[in-house]
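Colleague: Curious how this folds, go ahead:
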Amino acid sequence: MRTYIATYFIAIMVGLVLTPLVILLARRFGVVDAPGLRRMDSKAIPRIGGVAIGLAILLGVLPAMMISNSIGQAFTNVLPEVWAIFASALGMLILGLVVDLKSSRARFKLFGQLAAAFIVCYYGVRIQVLTVPGLFSVDLGWWSWPLTIFWIVCVTNAVNLIDGLDGLAAGIAAIICAVIAVFALYSNMQVMTVIMMAMLGSLSAFLAFNRNPARVFMGDCGSLFLGFMLATFSVLYGTKAHIAVGLALPILAMGVPLFDTTFAMLRRLLERHGMMSPYRSHIHHRLVDMGLTHRHVAIILYLEMAVAVGLGLFMMVTKSSSTVVVIGGVLLLLVVVFRVVRLVRLAFKTCETIGLCRRD
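Modeller: Here you go, the predicted model:
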């Protein structure tokens, strides 16, 4: 337990030191995010805070990897997979940094995500078996490759697209990390616990500068790095756990960004709007348009996630067919939330847009 706590505080301290430095460098070289459709702030804000997040996580994990105890041995047992994930995640951070500096095309980001996902799959980080005790067990075979790549790309983009409000993406990611850390600790998944504690510590430090009114944004370098880390380590965890709940908890924890991305893409498709172009189609945009402040929107989404993952933690005790009931309940809760903010009412507006409305 002392190693986990030390990892958390090392990541916090590194983050608190590096984030102000990154802010200074971003202002010095003009790497700032101007107000726009996706960004809802009224002034230019430094947008490469993800560099501090990534470095704080890596520097927080390295001491735990090098100590000579059971945790160090646990890292040794999965060292090829862990290094493959870290190297690919750093590649995602660099990719995001290039996007932040150069405003590259969306295709460039997608290609980078696919390449990074392929690399970790090659090193064995794949969703190979799905099992719910008492119900079914499925060996995915070669389907593990496309399914894993699809999962990694979806989660990475979900975190990337939810990053449009002060403290929102960082807060949601912190909740996800905290929940997975508790589950990993309960299941004696030492590597996963260390990684999640480092991520939680780094995000805790970043939120001190990113909460409303934000002094820095994580940018694409941060959101792509975080999304990739969450996606790949949840796969590694699910692979070692050999049960569907290994992925079910991350799915429930990431319910808000995943649902938000899904409905946003559906609206863009039906309204014939560019998939990657700026567009006010996300849940935080809708809530702000309903008259809520940035801080209230963040709190509402935090609370919704807390309820969802609270139900998800129930699976820690059951680990049985009741898992399906829990997943169904949380999905229903998410649909209700998105229905309230009118993100699932597509019919009226979109039929006019595509010219299919009946004129009875």
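
Colleague: what are the ranges of the helices in the stretch 51-200 of the chain?
Modeller: With DSSP state H, counting those that start in this stretch as the criterion, the stretch 51-200 of the chain has helices at 70-77, 79-102, 106-122, 144-162, 168-186, 190-210.

Colleague: If I take the last one and helix 70-77, what angle do their directions form?
Modeller: Read it as helix 190-210. On the basis of axes from the mean of the first three to the mean of the last three C-alpha atoms, to 10 degrees, helix 190-210 is oriented at 100 degrees to helix 70-77.

Colleague: what's the answer for the fourth one, then?
Modeller: Per the same axes, to 10 degrees, the angle that helix 144-162 makes with helix 70-77 is 120 degrees.

Colleague: Ok, the longest one next?
Modeller: Calculated by the same axes, to 10 degrees, helix 79-102 forms an angle of 80 degrees with helix 70-77.

Colleague: Which elements pack onto helix 79-102?
Modeller: Helix 79-102 sits against helix 50-66, helix 106-122, helix 219-241, with contacts defined as 3 or more C-beta pairs under 8 Å, 6 or more residues apart in numbering; DSSP states H and E. For every residue, glycine as well, the C-beta is placed using N, CA and C.

Colleague: Nearest to C154, out of these?
Modeller: Of all these, it is helix 219-241 that lies closest to C154, at 7.7 Å by C-beta to C-beta.

Colleague: name the helices or strands packed onto the closest one?
Modeller: Applying 3+ C-beta pairs under 8 Å, 6+ apart, one finds that helix 219-241 contacts helix 50-66, helix 79-102, helix 106-122, helix 144-162, helix 168-186, helix 190-210, helix 245-253.

Colleague: lowest-confidence stretch among those?
Modeller: Here the lowest mean pLDDT among the helices and strands packed on helix 219-241 goes to helix 245-253, at a mean of 65.

Colleague: Identify, out of the helices and strands packed on helix 79-102, the most deeply packed stretch.
Modeller: Mean neighbours per residue, mean count of other C-beta atoms under 10 Å, is largest over the helices and strands packed on helix 79-102 for helix 219-241, with a mean of 27.

Colleague: For that helix, C-alpha coordinates in CSV please.
Modeller: Extracted in CSV, the C-alpha atoms of helix 219-241 (Å, rounded to 0.1, in the frame of the first residue of the first chain):
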residue,chain,number,x,y,z
GLY,A,219,-4.8,19.8,-25.6
ASP,A,220,-4.8,16.9,-28.0
CYS,A,221,-1.4,15.8,-26.6
GLY,A,222,-3.1,15.2,-23.2
SER,A,223,-6.4,13.8,-24.3
LEU,A,224,-5.0,11.4,-26.8
PHE,A,225,-2.4,10.2,-24.3
LEU,A,226,-4.9,9.7,-21.5
GLY,A,227,-7.5,8.0,-23.7
PHE,A,228,-4.9,5.6,-25.1
MET,A,229,-3.6,4.8,-21.6
LEU,A,230,-7.1,4.1,-20.3
ALA,A,231,-8.0,2.0,-23.3
THR,A,232,-4.9,-0.1,-23.4
PHE,A,233,-4.4,-0.8,-19.7
SER,A,234,-8.1,-1.7,-19.4
VAL,A,235,-7.5,-4.3,-22.1
LEU,A,236,-4.4,-5.5,-20.3
TYR,A,237,-6.4,-5.7,-17.1
GLY,A,238,-9.3,-7.5,-18.8
THR,A,239,-6.9,-10.0,-20.4
LYS,A,240,-5.4,-10.9,-17.1
ALA,A,241,-8.7,-11.1,-15.3
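
Colleague: Can you check what angle separates that helix from helix 190-210?
Modeller: 160 degrees.

Colleague: Quick one: work out the angle between helix 219-241 and helix 106-122.
Modeller: 20 degrees.

Colleague: closest one to I10 among the helices of the stretch 51-200 of the chain?
Modeller: Nearest to I10, of all the helices of the stretch 51-200 of the chain, is helix 190-210, at 7.0 Å by C-beta to C-beta.

Colleague: helices and strands around the closest one, which ones?
Modeller: Applying 3+ C-beta pairs under 8 Å, 6+ apart, we find helix 190-210 packed against helix 2-29, helix 50-66, helix 70-77, helix 168-186, helix 219-241.

Colleague: would CSV of these with distance to N210 be doable?
Modeller: Below are these laid out as CSV (distance: least, C-beta to C-beta, whole Å):
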stretch, distance to N210
helix 2-29, 9
helix 50-66, 10
helix 70-77, 30
helix 168-186, 5
helix 219-241, 9
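
Colleague: looking at the ones you listed, which is closest to D260?
Modeller: The nearest among the helices and strands packed on helix 190-210, by C-beta to C-beta, is helix 168-186 at 9.9 Å.

Colleague: and that closest one, which residues are buried?
Modeller: Within helix 168-186, the residues that qualify as buried are 168-185, counting by 16 or more other C-beta atoms under 10 Å.

Colleague: So which elements touch it?
Modeller: For helix 168-186, the packing partners by 3+ C-beta pairs under 8 Å, 6+ apart are helix 144-162, helix 190-210, helix 219-241, helix 245-253, helix 255-270, helix 294-318.
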